[in-house]
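[1] Following is a predicted model, sequence given first.
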Amino acid sequence: MRFSFASLLRNAFSAHTGWPEQWRSPEPKAAYDVIIVGAGGHGLATAYYLAAEHGITNVAVVERGWLGGGNTGRNTTIIRSNYLWEESEALYDHALDLWQDLSQVLNYNVMYSPRGVMMLAHTVHDVQVSKRHVHANRLAGIQNEWLSPEEAKAFCPPLNISRDIRYPVMGAALQRKGGVARHDAVAWGYARAASALGVDIIQNCEVTAIRRGPDGAVTGIETTKGPIGAKKIGVVAAGHTSVVMGMAGLRMPLESYPLQALVSEPLKPVFPCVVMSNTIHAYISQSDKGDLVIGAGTDQYVSYSQTGGLHITTHTLDAICELFPMFRRVRMLRNWGGIVDVTPDRSPILAKTPVKGLFVNCGWGTGGFKATPGSGHVFAHTIARDEPHPKNAPFTLERFRDGRLIDEAAAAAVAH
Ligand SMILES: Cc1cc2nc3c(=O)[nH]c(=O)nc-3n(C[C@H](O)[C@H](O)[C@H](O)COP(=O)(O)OP(=O)(O)OC[C@H]3O[C@@H](n4cnc5c(N)ncnc54)[C@H](O)[C@@H]3O)c2cc1C
């Protein structure tokens with residue numbers, strides 16, 4: 001059922017008890033044309049675009065927990081496209097374009113809010129790196145501009161630009177059309193739209209093995225709900241990608257780290273934009289509910305635990321209190337962790353693999369939420385046509401063998 005003024009009015013007469021479930025919850029069929037492993041935003045978007053743009057509707061999305069319960073539902077929702085290298089700019093800006101009317105396309109309010117993302121520079125090196133980004137982005141037609149500390153404060157009045165703090169603000173890069181969206185709504189919107197097109201979303205169903213035929217090609221998966229056949233499998237399992245790909249005998253160039261976020265008690269609207277500091281790993285915005293949404297850096301050690309070290313969040317809060325002294329007495333309500341999959345060059349892998357019929361979409365690390373629509377769009381193309389979309393063609397697995405890295409690590413450290 002479509003959401004519209006008329007359907008809202010109609011359902012008001014039955015006290016909104018007549019709405020159907022938002023997506024179906026079928027038992028798995030014996031076989032599908034395509035299986036997607038992982039019902040995060042990227043997996044669900046892939047399934048949606050397979051059905052909507054390539055007419056492939058005999059698709060299952062298999063999720064070991066609940067949909068959106070991985071990093072998609074745990075992230076701080078920062079959306080921007082001002083990466084350094086042309087390959088990244090093209091991919092992330094493709095996503096930014098798709099965000100613009102995503103709510104209309106999915107008929108689901110994903111609450112995309114382009115309120116501006118400001119990235120602070122605290123040292124001479126930071127200033128040089130940030131300006132390099134601004135220039136590179138502008139050459140590529142990507143929006144980004146340099147602000148003095150005073151201009152940064154005018155854009156974000158709570159910001160402390162005093163010179164005698166540990167992390168003085170020496171300027172900032174601003175992408176005005178960057179912003180945030182509601183993470184759950186993105187997963188739910190894609191799930192609802194994909195399900196309506198015939199995609200089966202199978203939750204509480206863990207993939208335990210990938211089956212391969214005598215020629216090495218994939219033939220299906222083993223799951224906690226039994227075997228399911230398919231000639232094409234797309235693995236979109238974020239922090240568990242190495243585990244799932246290991247089931248097909250592939251060793252991935254990935255490390256999995258805990259990454260944490262936290263929210264405060266709700267406040268009146270006080271914070272107009274998104275502020276990031278990659279140098280000290282502090283990221284902050286205010287949700288529509290009023291909570292301050294704060295992101296920290298990764299733990300220093302690899303782990304599959306969905307928590308993280310307390311000292312990491314303490315360090316982040318120290319920085320937040322210095323940069324925004326008005327928040328010193330705000331109480332924090334909850335914190336949590338996700339498991340992020342980090343590649344050596346901090347760029348994703350969106351590609352075919354050496355195993356016939358097996359595709360992988362991973363390595364988004366600390367910053368893949370922003371790419372959700374673009375990632376799903378180009379990955380669906382790759383699976384449907386057996387060849388990459390021009391925008392994901394450089395994001396191969398082989399680049400770590402051939403040395404054609406897309407090195408966003410040296411450019412920006414790990415950032416949301
Ligand atoms: C605290 C935090 C803050 C972040 N902040 C930002 C940000 O501000 N901006 C940004 O752009 N990005 C951010 N990110 C990164 C972003 O969340 C991820 O890159 C993105 O959500 C990845 O989406 P996904 O769909 O690939 O993965 P996920 O949403 O993690 O989905 C993968 C799914 O695979 C499932 N799965 C795993 N193994 C199996 C199996 N064996 N069988 C079946 N299913 C399986 C998991 O249960 C999971 O649901 C942040 C991440 C974290 C943790």
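    Yep, it's here. Since the model is a prediction, treat every value here as computed from it, not as a measurement.

[2] how close does the residue nearest to residue 116 when sequence neighbours are not counted sit to residue 178?
    If the residues on either side of it in the chain are set aside, residue 116 comes closest to residue 273, at 4.4 Å by CB to CB, 6 or more residues apart in numbering. Placement of C-beta: from N, CA and C, glycine included. According to CB to CB, to the nearest Å, residue 273 and residue 178 sit 9 Å apart.

[3] Between these two, which contacts overlap?
    116-117 (CB atoms under 8 Å, 6 or more residues apart in numbering).

[4] Looking at the two, which is more packed in?
    Higher neighbour count among residue 273 and residue 178: residue 178, with 26 against 22, using other CB atoms under 10 Å.

[5] Could you check how far that one is from the ligand?
    10 Å (CB to the nearest ligand atom, to the nearest Å).

[6] For the residue in the stretch 201-350 of the chain that the ligand sits nearest to, report the pLDDT, please.
    Relative to the ligand, the nearest point of the stretch 201-350 of the chain is residue 338 (2.4 Å; CB to the nearest ligand atom). Model confidence at residue 338, given as pLDDT, is 97.

[7] Also residue 306?
    Reading off the model, residue 306 has pLDDT 86.

[8] count of neighbours near the closest residue to it other than its chain neighbours?
    Closest residue in space to residue 306, ignoring its immediate chain neighbours: residue 337 at 4.9 Å, by CB to CB, 6+ apart. Neighbourhood size, residue 337 [other CB under 10 Å]: 25.

[9] Can you say which helix or strand has residue 194 in it?
    helix 183-196 (DSSP states H and E).

[10] Specify the residue ranges that define each domain of this structure.
    For the chain, automatic domain parsing gives the domain ranges 29-81+84-106+183-253+345-412, 117-179+255-342.

[11] all helices of the stretch 301-416 of the chain, in order?
    Residue ranges of the helices in the stretch 301-416 of the chain, as given by DSSP state H, counting those that start in this stretch, are 310-323, 372-385, 399-402, 408-412.

[12] Residue 225 is in contact with residue 28, isn't it?
    Yes: counting by CB atoms under 8 Å, residue 28 is a contact partner of residue 225 at 5.6 Å.

[13] about what we covered before: so what's the residue nearest to residue 116 up against?
    Here residue 273 is in contact with 115-118, 155-156, 285 (criterion: CB under 8 Å, 6+ apart).

[14] By neighbours, which of those residues wins?
    Neighbour-wise, the contacts of residue 273 (other CB under 10 Å) top out at residue 117, 28 neighbours.

[15] pLDDT below threshold where in this protein?
    For the chain, the stretches with pLDDT under 70 are 410-416.

[16] The ligand contacts on that one?
    Selection of the chain residues close to the ligand by CB under 6 Å from any ligand atom yields 37-43, 62-65, 69-72, 74-78, 206-207, 236-238, 240, 244, 259-261, 295, 338, 340, 364, 366-370, 416.

[17] Please list only the buried members of the residues you listed.
    37-43, 62-64, 69-72, 74-78, 206-207, 236-238, 240, 244, 259-261, 295, 338, 340, 364, 366-370, 416 (16 or more other CB atoms under 10 Å).

[18] rewinding a little: contacts for the helix holding residue 194?
    With CB under 8 Å, 6+ apart, helix 183-196 has contacts from 22-24, 39-41, 44-45, 47-48, 51-52, 59, 61, 67-68, 72-75, 77, 102-103, 105-111, 201, 369, 372, 376.

[19] the strands in the stretch 201-350 of the chain, which residues?
    207-212, 218-223, 226-229, 232-235, 255-264, 274-277, 282-286, 292-298, 332-342, 349-352 (DSSP state E, counting those that start in this stretch).

[20] Indicate each strand paired with the last one and its parallel or antiparallel sense.
    Using DSSP bridges, the strands paired with strand 349-352 in its sheet are strand 358-362 (antiparallel).

[21] what angle sits between the partner strand and helix 372-385?
    170 degrees (axes from the mean of the first three to the mean of the last three CA atoms, to 10 degrees).

[22] ok, residues contacting strand 358-362?
    Residues contacting strand 358-362 (CB under 8 Å, 6+ apart): 42-43, 46, 210, 218, 232-238, 241, 245, 248, 250, 252, 254, 341, 348-353, 375, 379, 382-383, 397.

[23] so which of the helices of the stretch 301-416 of the chain is the most packed in?
    helix 372-385 (a mean of 25; mean count of other CB atoms under 10 Å).

[24] Could you list every helix and strand in contact with it?
    If you count contacts as 3 or more CB pairs under 8 Å, 6 or more residues apart in numbering; DSSP states H and E, helix 372-385 packs onto helix 41-54, helix 86-100, helix 183-196, strand 232-235, strand 349-352, strand 358-362.

[25] Swap in 6 Å and give it another go.
    helix 41-54, helix 86-100 (3 or more CB pairs under 6 Å, 6 or more residues apart in numbering; DSSP states H and E).

[26] angle of that helix against helix 183-196?
    Using the same axes, to 10 degrees, helix 372-385 lies at 30 degrees relative to helix 183-196.

[27] so how far is residue 353 from residue 217?
    11 Å.

[28] neighbour-wise, which of these two wins?
    Higher neighbour count among residue 217 and residue 353: residue 353, with 20 against 14, using other CB under 10 Å.

[29] Could you pull up the contacting residues of that one?
    The neighbours of residue 353, taking CB atoms under 6 Å, 6 or more residues apart in numbering as the test, are residue 360.

[30] try 7 Å
    250, 359-360, 397 (CB atoms under 7 Å, 6 or more residues apart in numbering).
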